[in-house]
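In: From the sequence below, what's the structure:
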Amino acid sequence: SSRDSATQCERSVGPRACARGALRPSHPAGGSARGGVRSPLPRPQLVPRAPFGRRRSGVLAAGAVAWLLLWAAGLVGWLAADFSDARFSSGIRATCSEIILRQEFLKDGFHRDLLIKVKFGESIEDLETCRLLIRHHIPAGLFVDPYELASLREKNITEAVMVSESFNIEAPDYLSKESEVLIYARKDAQCIDCFQAFLPVHYRYHRPHRKDGDTLIVVNNPDLLMYCDQEFPILKCWAQSEVAAPCALRSEEVCRWNSMQYKSILKNLTLQVPVGLIIHTSLVCSVTLLITILCSTLILVAVFKYGHFSL
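Out: Here you go, the predicted structure:
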C-alpha cells in the first residue's frame, strides 16, 4: 500500500527526502513529457542511515585514538630525551680521567721526607689556570718542624705551612695530638700533567714496650683540594664539596677550593718505629749516667790542663 511505501521510504532516506520525491512531477516510465521523446530518469540514490548512537561512539573512538597517539608521541619524546641525556652524561663521565695520588717516604731513620705526587689525565694546557692544595693530617707519632718549614720556604724548596697553633716539637707521642699541614703543590717538571709536594717529617719519642721493640704509625691519605680560575671539566667530574682555604701561601684572601675525589696507589702508609723495652730501663739509665760522669770529668780535666786563668 501507499502508506507502507511511505513508511519504508522514511526509514530508508528520511522524511525530507521522501517529501521532495513526492513533490517531483511524475513521468511515464522510460520517457518525458516533451515531444514524446523518452529519456531515462535517474533513480533516487538511497543512502543508508547509520543506526542511532553509532556517530557518537565513532567520535569517541576517534578521540581516544588521537589521545593515545599524542600520549605515545610524548612518551617517545621523553624517552629519547632521557636517553640522549644519559648518553651525554655517560659521555662526559667517560671522558673524565682518574686523578691518581701516590705518597711515599724517602730516606731512613727518624728524619724522613714525605713526597706526594698527583697525576691528572688531562693536558697541561687545561691545568695552567688551576692550583692544587694538599691538606695533610700528621699523626701524633710524627711531627713537622715549623721552623724548618720557614727555612724551606725562604729557600723556595717547598710551600707548606702549619695550621695547628699549639704545637710542641719536643713532646713525646703520648702527650701529642694530630697536627694539620697545608702544602701547595707544584707542577712536576718531568711529567706534563703531574703535581708534586714535599714535606719533611720527624719521629717522636714513644713509650717503651714490654715485649715488642717496634711500634706502627699509620699515615692516612690527604685531602686533595683544587681551585681553577675558569671552569674546568675535572671539577664537574670529581668535585665533592667546597672548602675554604687561603688562595696562596702568602695571601690573606680566602678561596673556595673544591675537594676532589681521587684514586690512591696505597690505601695508607705504615711506618715502623723502633722503641725501647721496659726491661732495659735500669741498664740504659746506669750506662747513661756513667757516660755522663765520664764525659764531664774529661771536660774538666781539659779545662784545667789547657785553660788560661787570670785573677
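
In: Got the phi and psi for Ile279?
Out: Backbone torsions of Ile279, given as degrees, to the nearest 10, read phi -70, psi -20.

In: Just give the number of residues close to the nearest residue to it once chain neighbours are set aside.
Out: Counting by C-beta to C-beta, 6 or more residues apart in numbering, Arg210 is the residue found nearest to Ile279 once chain neighbours are left out, at 7.6 Å. Where C-beta positions appear, they are placed from N, C-alpha and C, glycine not excepted. Neighbours of Arg210 under the rule other C-beta atoms under 10 Å: 7.

In: Does Arg210 touch Ile278 like I think?
Out: Yes: with contact defined as C-beta atoms under 8 Å, Arg210 reaches Ile278; the gap is 5.2 Å.

In: Is it correct that Ser97 falls within a helix?
Out: No: read with DSSP: H, G, I helix; E, B strand; the rest coil, Ser97 is coil and lies in no helix.

In: Chain neighbours aside, what residue packs nearest to it?
Out: In space, Ser97 is closest to Gly121, 2.4 Å off (C-beta to C-beta, 6+ apart).

In: list the contacts for the one you found?
Out: Gly121 sits next to Ser97, Glu98, Ile99, Asp193 when contact means C-beta atoms under 8 Å, 6 or more residues apart in numbering.

In: can you tell me the helix or strand for Leu271?
Out: Using DSSP states H and E, the element containing Leu271 is strand 269-274.

In: Counting by contacts, list what that strand packs against.
Out: With contacts taken as 3 or more C-beta pairs under 8 Å, 6 or more residues apart in numbering; DSSP states H and E, strand 269-274 sits against strand 100-106, strand 214-219.

In: Next, format these as a markdown table and append mean pLDDT and distance to Glu253.
Out: Output for the helices and strands packed on strand 269-274, formatted as a markdown table (pLDDT from 0 to 100; distance: least, C-beta to C-beta, whole Å):
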| stretch | mean pLDDT | distance to Glu253 |
| --- | --- | --- |
| strand 100-106 | 92 | 26 |
| strand 214-219 | 90 | 30 |
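
In: Of those, give the one that comes closest to Pro172.
Out: Pro172 lies closest, by C-beta to C-beta, to one member of the helices and strands packed on strand 269-274: strand 214-219, at 12.0 Å.

In: what angle separates the closest one from strand 100-106?
Out: Interaxial angle, strand 214-219 versus strand 100-106 (axes from the mean of the first three to the mean of the last three C-alpha atoms, to 10 degrees): 150 degrees.

In: which secondary structure elements does the next helix or strand after strand 214-219 contact?
Out: Once the chain leaves strand 214-219, the next helix or strand it forms, by DSSP H and E, is strand 223-228. Applying 3+ C-beta pairs under 8 Å, 6+ apart, we find strand 223-228 packed against strand 130-138, helix 233-238, strand 239-246, strand 254-260.

In: can you tell which of those is closest to Lys177?
Out: Closest to Lys177 of the helices and strands packed on strand 223-228, according to C-beta to C-beta: strand 130-138, at 9.9 Å.

In: returning to what we had before: tell me which of the helices and strands packed on strand 223-228 sits most buried.
Out: strand 130-138 (a mean of 21; mean count of other C-beta atoms under 10 Å).
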